[in-house]
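sequence first, then the predicted structure, then my questions.
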Amino acid sequence: MFDLAKTLIDDVLVVSLEETVEAIRLLAVQNSVVAEGAGAVSVAAALSGRAGTGKIVCVISGGNIDLDKLVKIFQGKIP
């Protein structure tokens, strides 16, 4: 899919597993939104400060996260 989309993309950001886990936790605790890792990476990028300083829109999708992994995330662990 990236080969098809790269002509439309200006930049790519990479976030760490730790940043993704923190975004999942933040979405659940502060916003009552359960998101899987792929759905939370846009929030992770925005929180990292690498996405820019203006208004940022994050698309959050996918709530298909394993319950055991979500429990570990709430416990502050990296699943």
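Nice, I can see it. Numbers count the residues shown, from 1 in each chain.

residues in contact with the strand or helix carrying residue 22?
According to DSSP states H and E, residue 22 maps onto helix 17-31. For helix 17-31, contacts defined as CB atoms under 8 Å, 6 or more residues apart in numbering pick out 15, 33-37, 40-41, 43-45, 47-48, 60, 65, 70, 73-74, 78-79. Just so you know, the C-beta spots here come from the backbone N, C-alpha and C atoms, and that holds for glycine as well.

so how do I select the buried members of the residues you listed in ChimeraX?
This is how ChimeraX selects the buried members of the contacts of helix 17-31, with burial counted by 16 or more other CB atoms under 10 Å:
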select :15,34,35,36,37,40,41,43,44,45,47,60,65,70,73
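
restricted to strands, list the contacts of helix 17-31.
Assignment to strands by DSSP state E places none of the contacts of helix 17-31 there.

which ones among the contacts of helix 17-31 are found in helices?
Counting by DSSP state H, the part of the contacts of helix 17-31 found in helices is 37, 40, 41, 43, 44, 45, 47, 48, 70, 73, 74.

would you mark the buried spots in the helix holding residue 22?
Using 16+ other CB under 10 Å as the test for burial, helix 17-31 gives 19, 20, 21, 22, 23, 24, 25, 26, 27, 28.

C-alpha coordinates for it, CSV please?
Backbone C-alpha positions of helix 17-31 (Å, rounded to 0.1, in the frame of the first residue of the first chain) are rendered in CSV as follows:
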residue,chain,number,x,y,z
LEU,A,17,6.6,1.0,21.0
GLU,A,18,6.8,2.9,24.3
GLU,A,19,5.3,6.0,22.7
THR,A,20,2.5,3.9,21.2
VAL,A,21,1.7,2.2,24.5
GLU,A,22,1.6,5.6,26.2
ALA,A,23,-0.9,6.8,23.6
ILE,A,24,-3.1,3.7,24.0
ARG,A,25,-3.1,4.3,27.8
LEU,A,26,-3.8,8.0,27.4
LEU,A,27,-6.7,7.5,25.0
ALA,A,28,-8.3,4.9,27.3
VAL,A,29,-7.8,6.7,30.6
GLN,A,30,-8.4,10.3,29.6
ASN,A,31,-10.8,9.9,26.7
